[in-house]
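Undergrad: Pasting a predicted model and its sequence here:
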Amino acid sequence: MKMMRRRNGLPKENEMLRPNDAVRENGLSSKKLVPKIFGAFSLLMLAVFLPVLFCVVIIGNHMDYNDGMKLTVRIPNQLLFLIALIGVFFCMFLFRKWGGIKLSRRVNWAVNGVLAFLFLGLYFVNVWLARQIAFHLPWDIMIARGVAYEIANERPLGYYYYLSIYPNNIPIGYILGRLYRKAMELKDYPYIYDFIWIQANCVFISLAGFLSCLTVKKLTQKPTPVAVVFGAYLVLVGISPWKIAPYTDTYGLIFPIMCVYFYLCYREARQEWRGYLWILLSITAGMAGGFVKPNLYLVVIALLGTEILRFFMGDKKRWGYLLAEILLTVILAAGSKIYTNHLIEEIGLEYNEEISAGWQHYFLMGLNEAATGSYNSEDVAMFGEFQNSRSERIEAELERAAERMKSRGFFGSIYFYLRKMVMTFNDGVFGWKTEVWMDEPYPEEIADNTPLTQRLRSIFWGDETQYDVGGYNTLCQLVWIFCILGIPGICLCTGGEKEKYGVLVICFLGIFFYQMLFEARARYLFVFLPLILAMAVCGIQQYAHWAAVLLRKRRAVRGGKT
């Protein structure tokens, strides 16, 4: 067995996946190269994100971007920033005060049990809450719902112009249709069949939050940061009204954080078979997320990019894992394409590939000035202009995109992207109050119809002039600013920790540049929130670490003078 491992280029079992030892045989220079490369990515992240962070907390709604995307809050961002900054310092104090608490095996399992209990309770609370505030939503969600009804009743869809343009909505329509059919087949289902979609949302919200806490626990090895990420998650995701939207925003919520958590487990695995198991789970979770919402493929790309960088920087022992990751990604990508074609046949869809949207469409949309890179009906009109030739439309989209960039010039483009990213990161409810309105109410018997019901409805979807709505928006904006203040902290790691946090840096860069280059708005961040919140709390943990280091140095200097 020992000789077989050596023949395959794999290390001994007890050497298997030690990040700090992975490049030892290649010499000190190779070992030093790894943190330097990840340090370069950290500098890039700070260079692109800090200007956005500054504009969010200092300028906020006064930034020149699409007025329809500006959130109404009771307190300006400048004051919220000061309150959030106090919160960051308080968390740093707690992290240092209780930083000596070690997660023994027994304590670790106890924390897992408490978290499981809390998120199970959150599921039941969310189901009750959703019954009080649920209503049908318009735009893409309404179309996906209509498709689901047809699929559940096993009626062929025929020609569906919208699904030909946006085939990424075929999987979510099919998933909703299967769930609806399941509710129809259940005996004594207590709600209308549509509500099973919302129950599934509540499941994903709890599972994603659980994994977010586990990720922070794995990275920091401390219980206090776990408590902080739980609190932030509870406000921004746990009680969010997005739970009533049966669409890819919540249905994709679990996959990015699951992919990264399993990847971190792989990096810590001590046995060969465990490493391959975690890789299988990680890549499968990421590719499943991309099947539901294509921009989630970003996380898989980030993980593969991280592994390739490690390999070429001297981590040659992992060639077997890298090969397995690439092969699995290719196989699942091909399988996803084949299964999508199967779905098209199963649901009886007459699919017209000539009018399907490619990345060129979203790239052009991301450059429009009228909506600061968000949805623009004039760009969508190109599908009617070029109905018979996809190649001609793509050529026209690229030409118009080039014209927009040329007309702005280099510095004009930088300023445009800055405004666009401020629009994306300056909304703590992630589009709920800027993109959502009531299309059709659920039947009255779903809710309890008590004074509490009316109060909850006034909080989540009342008139924005009401105090409750502004208060909810303000609370979310405060917690969100607290979180984005912590995100840059993941760039402050040193030595071996750069390898541990490097995957988070690369994931964030992928999310950031995707939003920057293509159609974007705050809602598109929601699906990444469990991962982003884990980044934020780990960043605050790094602030606490550096504060302690500086304090020790100051004391040492004073001691030397004495």
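TA: Here it is on my side, so go on.
Undergrad: Isn't residue 256 up against residue 287?
TA: No - counting by C-beta atoms under 8 Å, residue 256 does not reach residue 287; the two are 11.8 Å apart. Where C-beta positions appear, they are placed from N, C-alpha and C, glycine not excepted.
Undergrad: More neighbours: which of the two?
TA: Each of residue 256 and residue 287 has its neighbours counted (other C-beta atoms under 10 Å); residue 256 has more, 31 against 22.
Undergrad: which residues does the more buried one contact?
TA: 286, 289, 296, 299, 507, 527-528, 530-531 (C-beta atoms under 8 Å, 6 or more residues apart in numbering).
Undergrad: quick one, phi/psi of it?
TA: When read as degrees, to the nearest 10, the backbone of residue 256 gives phi -60, psi -50.
Undergrad: quick one: it from residue 45, how far?
TA: 17 Å (C-beta to C-beta, to the nearest Å).
Undergrad: and what of residue 287?
TA: Noted for residue 287: a distance of 25 Å to residue 45, by C-beta to C-beta.
Undergrad: Identify each buried residue in stretch 279-289, please.
TA: Buried residues in stretch 279-289, defined by neighbour count with 16 or more other C-beta atoms under 10 Å: 279, 281-289.
Undergrad: just stretch 59-73 next, same as before
TA: Per 16+ other C-beta under 10 Å, stretch 59-73 contains these buried residues: 60-61, 63, 65-66, 69-71, 73.
Undergrad: Just the closest of these to residue 387, please.
TA: residue 66 (28.7 Å; C-beta to C-beta).
Undergrad: Confirm for me that the closest one is in contact with residue 376.
TA: No - between residue 66 and residue 376 no contact is recorded; they are 9.7 Å apart, counting by C-beta under 8 Å.
Undergrad: Which strands or helices does the longest helix along the chain pack on?
TA: Ranked by residue count, the top helix of the chain under DSSP state H comes out as helix 390-425. On a contact count with 3 or more C-beta pairs under 8 Å, 6 or more residues apart in numbering; DSSP states H and E, helix 390-425 meets helix 28-58, helix 359-365, helix 382-385, helix 497-517.
Undergrad: If we use 6 Å, what do you get?
TA: helix 28-58, helix 359-365, helix 497-517 (3 or more C-beta pairs under 6 Å, 6 or more residues apart in numbering; DSSP states H and E).
Undergrad: could these be laid out in CSV, adding distance to residue 154, mean pLDDT and mean neighbour count?
TA: CSV is the format used below for those (distance: least, C-beta to C-beta, whole Å; pLDDT from 0 to 100; neighbours: other C-beta atoms under 10 Å):
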stretch, distance to residue 154, mean pLDDT, mean neighbour count
helix 28-58, 48, 84, 16
helix 359-365, 32, 95, 19
helix 497-517, 37, 91, 21
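Undergrad: Adding distance to residue 137, write those helices out as TSV.
TA: As requested, the helices and strands packed on helix 390-425 are exported to TSV (distance: least, C-beta to C-beta, whole Å):
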stretch	distance to residue 137
helix 28-58	27
helix 359-365	21
helix 497-517	22
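Undergrad: right, and those helices - which one's nearest residue 109?
TA: Checking the helices and strands packed on helix 390-425 against residue 109 by C-beta to C-beta gives helix 497-517 as the closest, at 22.4 Å.
Undergrad: sorry, back to before: so which of the contacts of residue 256 belong to helices?
TA: Going by DSSP H, the helices hold 286, 289, 299, 507, 530-531 from the contacts of residue 256.
Undergrad: Where does the prediction get shaky in the stretch 351-500 of the chain?
TA: Along the stretch 351-500 of the chain, segments meeting pLDDT under 70 span 462-469, 495-496.
Undergrad: If we use 90, what do you get?
TA: Applying pLDDT under 90 to the stretch 351-500 of the chain picks out residues 353-354, 383-390, 433-445, 454-471, 492-500.
Undergrad: how far away is residue 200 from residue 310?
TA: From residue 200 over to residue 310 (counting by C-beta to C-beta), the distance is 37 Å.
Undergrad: Same drill for these two, tell me which one is more crowded.
TA: A count of neighbours by other C-beta under 10 Å puts residue 310 above the other of residue 200 and residue 310, at 25 against 18.
Undergrad: if we can go back for a sec, identify the farthest-apart pair in the contacts of residue 256.
TA: Within those, 286 and 530 form the most distant pair, 13.7 Å apart (C-beta to C-beta).
Undergrad: Just the CA coordinates for stretch 45-58, please, in PDB.
TA: Extracted in PDB, the C-alpha atoms of stretch 45-58 (Å, rounded to 0.1, in the frame of the first residue of the first chain):
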ATOM      1  CA  MET A  45      -9.500  42.300  -3.700                       C
ATOM      2  CA  LEU A  46      -8.700  45.300  -1.500                       C
ATOM      3  CA  ALA A  47      -8.100  47.500  -4.600                       C
ATOM      4  CA  VAL A  48     -11.500  46.800  -6.200                       C
ATOM      5  CA  PHE A  49     -13.600  46.500  -3.100                       C
ATOM      6  CA  LEU A  50     -12.400  49.300  -0.700                       C
ATOM      7  CA  PRO A  51     -13.500  52.100  -3.100                       C
ATOM      8  CA  VAL A  52     -17.000  50.500  -3.200                       C
ATOM      9  CA  LEU A  53     -17.100  50.100   0.600                       C
ATOM     10  CA  PHE A  54     -16.000  53.700   1.000                       C
ATOM     11  CA  CYS A  55     -18.800  55.000  -1.300                       C
ATOM     12  CA  VAL A  56     -21.500  52.800   0.300                       C
ATOM     13  CA  VAL A  57     -20.800  54.000   3.900                       C
ATOM     14  CA  ILE A  58     -20.000  57.700   3.000                       C
END
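Undergrad: Report the distance from that stretch to the chain centre.
TA: 19 Å (C-alpha atoms, centre = their mean, to the nearest Å).
Undergrad: Please enumerate the strands of the stretch 151-300 of the chain.
TA: Ranges of strands within the stretch 151-300 of the chain are 158-159, based on DSSP state E, counting those that start in this stretch.
Undergrad: all helices of it, in order?
TA: All helices of the stretch 151-300 of the chain, identified by DSSP state H, counting those that start in this stretch, fall at 161-165, 169-185, 195-220, 223-233, 248-251, 254-268, 272-292, 297-312.
Undergrad: what inclination does the longest one have with respect to helix 169-185?
TA: Okay, so that is helix 195-220. Put simply, helix 195-220 runs at 120 degrees to helix 169-185, going by axes from the mean of the first three to the mean of the last three C-alpha atoms, to 10 degrees.
Undergrad: what packs against helix 195-220?
TA: The contact analysis (3+ C-beta pairs under 6 Å, 6+ apart) places helix 195-220 against helix 105-133, helix 169-185, helix 223-233, helix 254-268, helix 529-561.
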